[in-house]
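starting from these lines, generate the structure:
(one chain, ligands or ions: 2)
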Amino acid sequence: MTIQVIPTTPFSGQKPGTSGLRKKVTEFRQPGYLENFVQALFNTLGDCAGQTLVVGGDGRYFNRQAIQVILRMAAAHGFGKVLVGRGGILSTPALSCVVRKHAAFGGIVLSASHNPGGPDGDFGIKYNIGNGGPAPERITDEVYRLTQSIDTYRISDAADANLDQLGTVRIEQMDVEVIDSVADYAQLMQRLFDFDAIRALFARGFTMRFDAMSAVTGPYAHAILEGILGAPAGTVIHGEPLEDFGGHHPDPNPVNAAGLVALMNAPHAPDFGAASDGDGDRNMIVGRGIAVSPADSLAIIAANAAVAPGYRAGLKGIARSMPTSAAPDRVAEALGIKCYETPTGWKYFGNLMDAGLVTLCGEESYGTGSDHIREKDGLWAVLFWLNLLAVSGKAVDTIVNEHWARFGRNVYSRHDYEAVDSEAAHSVMRRLHAALPGLAGTSVGGHTVALADDFAYTDPVDGSVSLGQGIRIVMTDGARIVFRLSGTGTEGATIRLYLELYEADPARHGLEAQAMLAGLAQAADELAQLKATTGRQAPSVVT
Ligand code: G1P
Ligand code: ZN
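Ligands and ions are numbered 1, 2, ... in the order given. Sure thing, here's the model as predicted:
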């Protein structure tokens, strides 16, 4: 075994987006592409001698090869130890849990989250710092800067490590410890939730379907739901992680998990349905005849936090990303705690949690979590709901309807225009920008505009400023239109249009969201000239 210094030349476009660097597998497989990025990361981190790193991914195509490269490069940089999930598998929340529990220096997540996998699919790499959460921009910006001038990388020429057998092997002076992917995470969940109550619920014949979407949550759900909690075999479906997710788009929303939603709408539906995404950090909660909107789920979790032993002491605060509906804000107000509004992306929640300002966080994109780790956590949300269903004895729809009756309903939807021509997308955003200064006080879709700006965020903990985080048009009655460009796509540009209305009247809570939001959607299109500029007559995905 020797450490080699390999000459290389920069690749353009290695700039991490909302959640790490995401590209097509074909791009990642170019010789030196992954190596350059990892070298730039290690250069950014500085002296790594003797440190512990955690590495794992969602099992998608190229996961194993990428892990071998990272191990050989970590050994060449003097890391003392790398913890790797067996088979290279660690869900994003499990990686965050392992980093924290073992006080590691940091972790590398290999995933493109909910993007499709396989040889023609997407791949991704993301660095998490010692608190278990995504690296802040000052780190990702520096990594990008270094990728632009890189000329060598360091790597051991050691043979591949066996990732399938628990135990420790050595590369150069570094220990590679293959750990059980589920154990640490399952232990943490047992501390947070009332497992006895959930076990009793399943023992009473409660039925559930958990769709792991052939992605990373399968092993976790099998072990926790069917193993520890005693749910009957067959509760977890698509529970085997596949390199191409069975050809599906592993994004838990009513469009991509349509089968689960159909099952929950059918006669004799199970009592409860849930799904998680590629890397296990997203969740969708479904009851009989109702898919719970993510911000409502966060609001309901906040309002009922005391049912779970881990949250009995009360909540410090809540945070939600700007485009997420204000449903959690209403609960925070009732609880007398603060609700922070951050830019899109989990990385903005880390400082708030570290500083003890918030306990719960969430995004409209099916992401919910708490300060137990520093990532959103799909199974955590599902276990919270199970805990709530077990303790309350109520059905999902009853819980949602009672919540709306108490707090009002934030009717919400996101319309995505995917893989739009990049220039057309930027021209839509430019038009909106230009319109902003004149909007306050005017009427848009029958609502009066209270505020129109490009969202900027000053982190209350470290004072860092993030500009250009999305166009928001906020109405005096709480309605909102938000436009932003996705930072996770790998093809052209994706325009996200977020629509929200506040409805206090319980008689109108049962109405269909798209119908209620149609006027706002039309007003948004008139303002942005979205359809005319992109040539798209309708969004590609509505959630
Ligand atoms: C999307 C979601 C965002 C989430 C991110 C990573 O980012 O909108 O809420 O944090 O994926 O899961 P976007 O593509 O909008 O930049
Ligand atoms: Zn994800």
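
what are the ranges of the helices in the stretch 251-400 of the chain?
258-265, 294-303, 327-335, 350-354, 378-392, 396-407 (DSSP state H, counting those that start in this stretch).

can you mark which positions in the fifth one are buried?
This means helix 378-392. 378-391 (16 or more other C-beta atoms under 10 Å). Yep, even glycine has a C-beta here, placed from its N, CA and C like the rest.

which other helices and strands contact the helix or strand where residue 123 lies?
Using DSSP states H and E, residue 123 falls within strand 122-128. Packing partners of strand 122-128 (3 or more C-beta pairs under 8 Å, 6 or more residues apart in numbering; DSSP states H and E): strand 21-24, helix 25-28, helix 33-45, helix 92-101, strand 106-110, helix 137-147.

would you reformat these as TSV and include mean pLDDT?
Listed next are these as TSV, based on pLDDT from 0 to 100:
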stretch	mean pLDDT
strand 21-24	96
helix 25-28	98
helix 33-45	98
helix 92-101	98
strand 106-110	98
helix 137-147	96
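
for the ones you listed, which one sits closest to ligand 2?
Closest to ligand 2 of the helices and strands packed on strand 122-128, according to C-beta to the ion: helix 92-101, at 6.0 Å.

what strand or helix carries the residue in the stretch 101-250 of the chain that ligand 2 sits nearest to?
When scored by C-beta to the ion, the stretch 101-250 of the chain has residue 113 as its residue closest to ligand 2, at 3.2 Å. For residue 113, there is no enclosing helix or strand under DSSP H and E.

can you tell me the distance between the two ends of stretch 249-262?
17 Å (C-alpha to C-alpha, to the nearest Å).

with stretch 528-543 instead?
Terminal-residue distance, stretch 528-543 (C-alpha to C-alpha): 20 Å.

what residues sit buried inside that stretch?
Buried, per 16+ other C-beta under 10 Å, within stretch 528-543: 528, 530, 533, 534, 536, 539, 541, 542, 543.

which two in the residues you listed are spaced the farthest apart?
533 and 543 (22.5 Å; C-beta to C-beta).

near ligand 1, which residues of this protein show up?
Proximity of the chain to ligand 1, by C-beta under 6 Å from any ligand atom, involves residues 18-19, 113, 321, 344-346, 363, 365, 367, 486-488, 496.

kindly recompute the last result at 5 Å.
18, 19, 113, 344, 345, 363, 365, 486, 487, 488 (C-beta under 5 Å from any ligand atom).

sorry, back to before: between the helices of the stretch 251-400 of the chain, which one is closest to residue 33.
The stretch from the helices of the stretch 251-400 of the chain with the least distance to residue 33 (C-beta to C-beta) is helix 350-354; that distance is 27.6 Å.

gap between that closest one and the chain center?
Per C-alpha atoms, centre = their mean, to the nearest Å, the displacement of helix 350-354 from the mean C-alpha position of its chain is 16 Å.

what does it contact?
For helix 350-354, contacts defined as C-beta atoms under 8 Å, 6 or more residues apart in numbering pick out 129, 131, 133-134, 136, 317, 319, 340, 342, 358-359, 361, 371, 374, 459-462.

what about residue 536, which SS state?
Three-state assignment for residue 536 (DSSP: H, G, I helix; E, B strand; the rest coil): coil.

next one: phi and psi at it?
When quoted as degrees, to the nearest 10, the phi and psi of residue 536 stand at phi -100, psi 130.

please identify which of the buried residues of stretch 528-543 is nearest to ligand 1.
Distances from ligand 1 to the buried residues of stretch 528-543, taken as C-beta to the nearest ligand atom, are shortest for residue 543 (10.3 Å).

measure the closest one to residue 260 for me?
Distance from residue 543 to residue 260, counting by C-beta to C-beta, to the nearest Å: 14 Å.

which residues does the residue of the stretch 101-250 of the chain found nearest ligand 1 contact?
Per C-beta to the nearest ligand atom, residue 113 is where the stretch 101-250 of the chain lies closest to ligand 1, at 5.0 Å. By C-beta under 8 Å, 6+ apart, residue 113 lies in contact with 19, 22, 58, 92, 124, 277, 278, 279, 281, 282, 488.

would you confirm that the fourth one contacts residue 281?
Pointing back at residue 92 there. Yes - between residue 92 and residue 281 there is a contact under C-beta atoms under 8 Å: 4.3 Å.

spell out which parts of the stretch 51-200 of the chain neighbour ligand 2.
residue 113 (C-beta under 5 Å from the ion).

any chance of TSV for the residues of the chain next to ligand 1, columns pLDDT?
Formatted as TSV, the residues of the chain next to ligand 1 follow (pLDDT from 0 to 100):
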residue	pLDDT
18	82
19	87
113	93
344	97
345	93
363	98
365	96
486	95
487	89
488	84
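
these, buried ones only, as a PyMOL selection?
Only the buried members of the residues of the chain next to ligand 1 end up in this PyMOL selection, burial being decided by 16+ other C-beta under 10 Å:
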select buried, resi 18+19+113+344+345+363+365+486+488
